[in-house]
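In: Sequence first, then the predicted structure:
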Amino acid sequence: VTKHDNRLAVPQYATPAEILAAVVANDWVNPEYKLLVLDARAPAPLAAAGQFFQLACPYDEDDQPYFRRPMSIYKADAAKGRVEFLYKVTGAGTRALAKLQTGETMRILGPLGIGFRLDPAYRHIVVIGRGVGLATLAPLAEAAAANNTGVTALLSARSPDHVMSVGRFAAIGAETVVLLDTDGSSDPDNVEAHLRRLHRNGRLDAVFVCGSNRLMLLAQRLCAELGIPGQVALEQQMACGIGMCFACVRDFQTADGVVSRRVCCEGPVFEIAEALTW
Ligand SMILES: Cc1cc2nc3c(=O)[nH]c(=O)nc-3n(C[C@H](O)[C@H](O)[C@H](O)COP(=O)(O)OP(=O)(O)OC[C@H]3O[C@@H](n4cnc5c(N)ncnc54)[C@H](O)[C@@H]3O)c2cc1C
Ligand code: FES
């Protein structure tokens with residue numbers, strides 16, 4: 001038992017590996033996001049949903065990203081020995097990543113952190129993601145389906161162009177609901193209506209959220225009201241990614257008061273009831 005007594009048992013993870021990974025593909029999936037596929041035979045079978053890798057992004061004359069950038073595992077294919085990352089081209093690190101060509105190599109460290117915990121007793125879970133949060137939730141949905149747990153995916157996005165991973169969720173038979181800013185369906189009141197419908201229909205044994213503070217707060221409130229467990233994958237800027245520098249500390253509300261935890265090694269997945277906004 002860890003100090004997070006209210007958690008499900010934390011899985012035993014394998015020791016992360018530092019490797020030189022070759023780029024298999026690095027293609028645009030929409031105007032903002034790219035999918036990076038790496039040949040990573042040693043860590044691929046070890047990677048679990050909700051864990052992440054620290055990517056050493058390349059340097060060039062335009063960008064010198066000093067620290068590694070944490071990226072959630074979008075897919076880990078043990079048979080092919082590949083890991084995939086879905087990333088939004090944002091600043092120095094991801095601009096540098098975006099320039100990588102097939103056959104080039106980069107250093108990666110992982111898998112790192114504590115991922116999602118799936119209780120075999122869950123019959124139907126709901127995953128709620130927005131933006132890059134969808135990258136984190138897709139492998140969770142697949143792990144749930146492999147356990148014969150039903151999944152409803154509430155996928156929030158700015159516009160139809162920004163909806164990603166629908167095919168991944170559909171392939172496992174998930175009920176997929178696309179929620180858009182453009183038609184107002186991503187409005188929290190509408191998301192709440194979906195969650196209450198799922199609860200009435202006995203399809204809300206647990207909630208998993210990533211990528212939106214607003215959606216996290218909504219899920220947190222409903223989980224408390226309905227007595228449902230929930231987990232949230234949090235983002236925080238990181239330096240070492242392995243628990244040594246304390247750059248990634250955030251506050252959490254526990255029964256013993258507010259405590260500080262390192263997102264990189266005590267998370268990035270936490271009990272939703274304990275998460276505080278930022
Ligand atoms: C566990 C974890 C998993 C992640 N998974 C993914 C993923 O799958 N795909 C993905 O695209 N990104 C992911 N991120 C975010 C990623 O690590 C980078 O922070 C992000 O890609 C921006 O990096 P950059 O070098 O392009 O931009 P930078 O030049 O570092 O930053 C650009 C701007 O964004 C701000 N910023 C950077 N990082 C964050 C952050 N985490 N939160 C808030 N503001 C920030 C900076 O302050 C700056 O203003 C994840 C982060 C964490 C902690
Ligand atoms: S990033 Fe260094 S302790 Fe978390």
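Out: Noted; the coordinates are in hand. Ligands and ions are numbered 1, 2, ... in the order given.

In: Give me the three-state assignment for Ala135.
Out: State at Ala135, reduced to three classes by DSSP: H, G, I helix; E, B strand; the rest coil: helix.

In: what residue of this protein is the furthest out?
Out: Relative to the centre of the chain, and counting by C-alpha atoms, centre = their mean, the farthest-placed residue is Glu61 at 31.2 Å.

In: how close does it sit to Asn26?
Out: 19 Å (C-beta to C-beta, to the nearest Å). The way it works is simple: take the backbone N, C-alpha and C, and place the C-beta from them, glycine included.

In: now swap in Ile228 and tell me
Out: 39 Å.

In: Likewise for Leu276?
Out: 36 Å.

In: Next to ligand 1, which bits of the stretch 51-200 of the chain? Give me the list.
Out: Within the stretch 51-200 of the chain, the residues that sit near ligand 1 (C-beta under 6 Å from any ligand atom) are 52, 65, 69-72, 85-88, 90-94, 132, 135.

In: Closest to the centroid, which residue in the chain?
Out: Thr136 (2.3 Å).

In: dump the residue contacts of that residue.
Out: The neighbours of Thr136, taking C-beta atoms under 8 Å, 6 or more residues apart in numbering as the test, are 49-50, 72-74, 129, 210-211, 233.

In: So, low pLDDT: which residues of the chain?
Out: Scanning the chain for pLDDT under 70 picks out 1-12, 278.

In: what about 90?
Out: 1-17, 30-31, 59-64, 131-132, 134-135, 161-165, 277-278 (pLDDT under 90).

In: near ligand 2, which residues of it show up?
Out: Counting by C-beta under 6 Å from any ligand atom, the chain sits next to ligand 2 at 238-241, 243-248, 262, 264.

In: following the helix or strand where Ala144 lies, which helix or strand comes up?
Out: Using DSSP states H and E, Ala144 maps to helix 133-146. Going down the chain from helix 133-146, the next helix or strand is strand 150-157, by DSSP H and E.
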